[in-house]
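Visitor: here are the coordinates; sequence isn't available:
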């Protein structure tokens, strides 16, 4: 049954509730006042028994198992691909909907890959599992979808500037330690990441697949799938930067015909999930610091691409932990509940 089909508030679970990603899901559920009849916080055996605060009440974390998922209508998975593969089918089989933030189901043709502002209508095709896209593909498609609908996207080039938090809380801690070491005149160490990140910009650090990183291949495949352009030519270089939170991207887009920057700016200003910040002369444009804590995709530097007449260049920033991950998943849950 689709959650809320009979008008009742859904019973909700969060798997991975004690982790950084799960904690962000809980915070956004509370901020957005997601209507629920029950919240069940689930995690590994190691975290079972700990207590989490939600909506003014303490919730004891239980170990995730087939039994602990029984009776739940919506379950947010924030615990990695292996956990999602093991337990998301259990949720679906028992009549609930699993919303998975990992990469486990993103390219499964039977599982809708959803960005609510772009292709929320595809939720109707779910069979108990819904996938949440990559933290770059989400803001990229939010910004590009209105332009594609109006002008017909033909080619895309992207350079990303991805925050340490995209690599997990341990990398954020390591970045802070490196900053302190550099300030003290000591040699910074690295354990979590293949390079010292502080004072550095690294076009890698992800697993390589031939000449491309797995992150680059994810961005290409998932952007095509969410936008519904299976053969879209996409060129992308993913880069890790010494920023704690907030992914950014420089984007160059070509369309069926010439597009005026003014027309693109007008469309983006009216687009759901987008906030245009575009006054370069006044030093106003998207930055990860300004995007942190926000649920909109900040878009600016909207201009003609002087290297490719008729194409558009723009720059975007997003809170990768919120709209780049948890907020998108919660928005999917809201759509399911509304249906």
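Guide: Thanks, I have the structure now. Given the structure is predicted, the values throughout are model-derived calculations rather than measurements.
Visitor: wait, what's in contact with residue 125?
Guide: Neighbouring residues of residue 125 by Cβ atoms under 8 Å, 6 or more residues apart in numbering: residue 112. Backbone N, C-alpha and C define where each C-beta goes, glycine included.
Visitor: quick one: it and residue 309, what's the gap?
Guide: Computed as Cβ to Cβ, to the nearest Å, the residue 125 to residue 309 distance reads 40 Å.
Visitor: And residue 164, by the same measure?
Guide: Counting by Cβ to Cβ, the separation of residue 164 from residue 309 is 38 Å.
Visitor: So if I had to pick from the two, which one is more boxed in?
Guide: When residue 164 and residue 309 are compared for neighbours, residue 164 comes out ahead with 26 against 9, by other Cβ atoms under 10 Å.
Visitor: shouldn't that one be in contact with residue 176?
Guide: No: contact criterion Cβ atoms under 8 Å: residue 164 and residue 176 do not qualify, at 9.0 Å.
Visitor: For the protein, give me the ranges with low pLDDT.
Guide: 1-7 (pLDDT under 70).
Visitor: Centroid-wise, who is the farthest residue in it?
Guide: Ranked by distance from the centre of the chain (Cα atoms, centre = their mean), the top residue is residue 185, with 36.3 Å.
Visitor: looking at this, residue 146 is in a helix?
Guide: Yes: using DSSP: H, G, I helix; E, B strand; the rest coil, the assignment for residue 146 is a helix.
Visitor: and the spatially closest residue to it that is not a sequence neighbour, what does it touch?
Guide: The shortest distance from residue 146 to any non-neighbouring residue, by Cβ to Cβ, 6 or more residues apart in numbering, is to residue 271 (4.2 Å). Counting by Cβ under 8 Å, 6+ apart, residue 271 touches 117, 142, 143, 145, 146.
Visitor: again, only this time at 10 Å
Guide: 117, 118, 142, 143, 144, 145, 146, 147, 149, 296, 297, 299 (Cβ atoms under 10 Å, 6 or more residues apart in numbering).
Visitor: Residue 80 now?
Guide: Neighbour list for residue 80: 15, 16, 19, 21, 100, 101, 102, 103, 104 [criterion: Cβ under 10 Å, 6+ apart].
Visitor: domain assignment for the protein?
Guide: 11-133+325-338, 137-163+201-319 (automatic domain parsing).
Visitor: Residue 59 contacts residue 49, doesn't it?
Guide: No: judged on Cβ atoms under 10 Å, residue 59 makes no contact with residue 49 at a distance of 11.6 Å.
Visitor: Give me the more crowded residue out of the two.
Guide: Each of residue 59 and residue 49 has its neighbours counted (other Cβ under 10 Å); residue 59 has more, 18 against 11.
Visitor: for the helix or strand where the more buried one lies, packing partners?
Guide: According to DSSP states H and E, residue 59 maps onto strand 57-60. If you count contacts as 3 or more Cβ pairs under 10 Å, 6 or more residues apart in numbering; DSSP states H and E, strand 57-60 packs onto strand 38-43, strand 51-54.
Visitor: if you set the cut-off to 6 Å instead, what comes out?
Guide: Packing partners of strand 57-60 (3 or more Cβ pairs under 6 Å, 6 or more residues apart in numbering; DSSP states H and E): strand 51-54.
Visitor: So which bits of the strand it packs on are buried?
Guide: Neighbour-count burial for strand 51-54, counted by 16 or more other Cβ atoms under 10 Å, picks out 52, 54.
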